[in-house]
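Novice: Any chance you can model this:
(chains A and B)
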There are 2 protein chains.
Amino acid sequence: MCDNTPRKINFGPGPAQLPIEVLHNVQKEFFSFDNCGSNVMELSHRSPAFSKIIDDAEKDIRELLSIPDTYAVLFLQGGATGQFSAIPMNLINLKPSQTADYLVTGYWSEKAAKEAEKYGKVNYVIPKQEKYHDVPEQTTWNLTDDASYFYYCANETIHGVEIHDVPVLPNKAQIVCDMSSNFLTRQVDVTKFAIIFASGQKNFGCSGIVLVIVRKDLIGNAMKSTPVNFDFKVQLSNNSMYNTPPTFSIYISNKMFDWSKRQGGIKALEKQSKIKSDLIYSAIDQSNRFYLSEINPSYRSRVNIPFRIAINGVPDEKLEKLFLEEALRLNMIELKGHRAVGGLRVSLYNGITIEETEKLAQLMRTFQTIHCVEAA
Amino acid sequence: MCDNTPRKINFGPGPAQLPIEVLHNVQKEFFSFDNCGSNVMELSHRSPAFSKIIDDAEKDIRELLSIPDTYAVLFLQGGATGQFSAIPMNLINLKPSQTADYLVTGYWSEKAAKEAEKYGKVNYVIPKQEKYHDVPEQTTWNLTDDASYFYYCANETIHGVEIHDVPVLPNKAQIVCDMSSNFLTRQVDVTKFAIIFASGQKNFGCSGIVLVIVRKDLIGNAMKSTPVNFDFKVQLSNNSMYNTPPTFSIYISNKMFDWSKRQGGIKALEKQSKIKSDLIYSAIDQSNRFYLSEINPSYRSRVNIPFRIAINGVPDEKLEKLFLEEALRLNMIELKGHRAVGGLRVSLYNGITIEETEKLAQLMRTFQTIHCVEAA
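Specialist: Predicted structure coming up:
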């Protein structure tokens, strides 16, 4: 540590905190990565040292998620938002319909659908939801027979809606999934998907990097106007290095994949995720509606938990403000909910430990004990 | 230092080495930036601590280059290559001609022109050059009367061609300039340009970031199919944070701008650049054609110097290989020329000191003394 400031516990939606051992590891080799006399930032992306980093990162993520060779793994710039454009640009021409089905279950899938409208026809599978507290039954979904692809967001970071099972679609459309916020927090059968993508700053590193796992046979259909570094074919044939990649972000991803493996792999991470979210949901569910979660329990997110603090069922912004102050006093930060939702939000990415989550759950109980009485 | 490996001197074309004091500075605050208890990678891009970083970075670069308020400063992802697409997408509709003039003087402007062909008409101002050793006289340029913009690359990193004066165009077209490799190495009158852009990994930090300086009145003309995070209007109105920006890369840029100011600003950096390139060109010009530079001296780059080692005027790959080995023995790396050109290349970005350049110039003289005699 460079000063006496205690380390903060960051429960924010991202960029997220990194495991302290990853930070130590990076700091230790700050002046000379792998005894090569340079920081990773200073390495040529064509150097053997950096090639090893990106190759190791790919090898580790393939191992963690059992990604078959029939899938490409791309490390790209532009974040998940970049993929909101890149995906229709690369896939909308898969079928003559040039139509994509979008399941909009919150802020991010809505953004993605809106962006896709620039590139083809977008069919909204369900009516616009007033509040994103639930996902309508699949029997009610309006699917396109010959959709180029079906798009959904596995976990809505802002609204806290997680779709726990991969939809089985009667039209057998290619499934594209934004897993930015729940990536590496649960087991996933990659073969059910055409594309999985996730930005780095939540569960596997820092911002500036988005991982795109794409079935190779779908590559090569990009619209002519696709920017060259959004063209999956170009990036695949250049090993994600058509142009200089975000080398430091890839390095941090590599460290995080390695850390994930040392945690016991995806099963262990899923277990940790369950334990952590159970701690928070228990505090909510046992609070006699002092803490309110408005999401249908079947779609509760294990990684982003928005909730309100309420008196007699009515959200109380003063109490919420007080809770944030109490949390800050205990070094817990970034618990304020998104402005679109209000209230509070706990994000439980992989860099958050069970102990840290317990500390927050404890605060929730203590805070309730004090303020529920006061309010009564 | 974490081990006994001596620090390498990286003469590569980028990612480039960083000043050692910048690395020390970053390492010192690795666990707690500005006493806030988190690494910068772990900060929310909406936090006051990160807002200060990006605001300071903008303030410093405005000060360094005297950028007027009529220009926006954007920090974007996708590198300079991303801008090869973004620029025509944002500017090609400026004029009904939907035509852009491209001056192709090497590898990178050629790539940019090819990419622009996707979005409008590209007029090649000069005939395709067989070897990029020179720039034809401006009197011979074939300009479009009502071009949406005129594009050139101020410094060709691979071919070592630098255009030292901003062209004065009879058609008064908006001038767009790729300054990736000579950015912050010389004074520049920003008001002569519509857009200046530069990627970070050469003169102001690490990869994953591209700085775009764009006159505000030109913003708002993007093609409908422009990906949202390539749309200058969207990024301007969101202070470069429409989506999560590459926070760590912006942090390093901030450190580098601050360092640049402490060097004495742009005048001091220009002087250093001249001293360093004079050292290498002197070694070349005083070598009696043992070292060959094939570029017209009026267009010699001060930052990327490709050269050959020759016996009786004929490039000798064996000697070049030997030179690389000798350099490596003295901890000087990344001196191999690009495969498109061959031979050797010295890149003298701002992170390279005069002393380090002297060391290389000394090696050039010593190597010549030994091997010119042997060859004779």
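Novice: wait, what's in contact with A:C372?
Specialist: A:287-288, A:290 (C-beta atoms under 8 Å, 6 or more residues apart in numbering or on different chains). In short, each C-beta sits where N, CA and C put it, glycine included.
Novice: Going through those, which ones are buried?
Specialist: A:287, A:290 (16 or more other C-beta atoms under 10 Å in any protein chain shown).
Novice: From the contacts of A:C372, which land in strands?
Specialist: Among the contacts of A:C372, the subset assigned to strands under DSSP state E is empty.
Novice: Present the contacts of A:C372 as JSON lines; the columns should include pLDDT and distance to B:S273.
Specialist: Shown next, in JSON lines, are the contacts of A:C372 (pLDDT from 0 to 100; distance: C-beta to C-beta, whole Å):
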{"residue": "A:S287", "pLDDT": "97", "distance to B:S273": "64"}
{"residue": "A:N288", "pLDDT": "95", "distance to B:S273": "69"}
{"residue": "A:F290", "pLDDT": "97", "distance to B:S273": "64"}
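Novice: Could you dump the contacts of A:C372 into CSV and include distance to B:N35?
Specialist: Output for the contacts of A:C372, formatted as CSV (distance: C-beta to C-beta, whole Å):
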residue, distance to B:N35
A:S287, 35
A:N288, 40
A:F290, 34
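Novice: Which one of the contacts of A:C372 is nearest to B:Q201?
Specialist: A:S287 (50.3 Å; C-beta to C-beta).
Novice: that's a strand at A:F75, yeah?
Specialist: Yes. Using DSSP: H, G, I helix; E, B strand; the rest coil, the secondary structure at A:F75 is a strand.
Novice: which parts of the host helix or strand of A:L322 are buried?
Specialist: A:L322 belongs to helix A:317-329 when assigned by DSSP states H and E. Across helix A:317-329, burial judged by 16+ other C-beta under 10 Å covers A:319-320, A:323-324, A:326-327.
Novice: which other residues reach it?
Specialist: Contacts of helix A:317-329 (C-beta under 8 Å, 6+ apart): A:308-309, A:311, A:333, A:335-336, A:342-344, A:360, A:363, A:367, A:371, A:375.
Novice: quick check: mean pLDDT across that helix?
Specialist: Helix A:317-329 comes out with an average pLDDT of 98.
Novice: what's downstream of that helix, the next helix or strand?
Specialist: Taking DSSP H and E, what comes next after helix A:317-329 is strand A:332-333.
Novice: now that next one, how far from the centre of its chain.
Specialist: 20 Å (C-alpha atoms, centre = their mean, to the nearest Å).
Novice: Direction included, what does it pair against?
Specialist: Sheet pairing of strand A:332-333 (DSSP bridges) gives strand A:9-10 (parallel).
Novice: The next helix or strand after the partner strand near chain B anywhere?
Specialist: The helix or strand immediately downstream of strand A:9-10 is helix A:20-28, counting by DSSP H and E. Yes. With C-beta under 8 Å from any C-beta of the partner chain as the measure, helix A:20-28 is seen reaching chain B through A:23, A:26-28.
Novice: Greatest separation within those: which pair is it?
Specialist: A:L23 and A:K28 (9.5 Å).
Novice: So between those two, which is more surrounded?
Specialist: The neighbour comparison of A:L23 against A:K28 (other C-beta atoms under 10 Å in any protein chain shown) goes to A:L23, with 21 against 14.
Novice: how far does the helix or strand containing A:L64 sit from the chain's center?
Specialist: Element membership of A:L64, judged by DSSP H and E, is helix A:48-65. Offset of helix A:48-65 from its chain centre (C-alpha atoms, centre = their mean): 20 Å.
Novice: try stretch A:197-206
Specialist: Counting by C-alpha atoms, centre = their mean, stretch A:197-206 is centred 6 Å from the centre of its parent chain.
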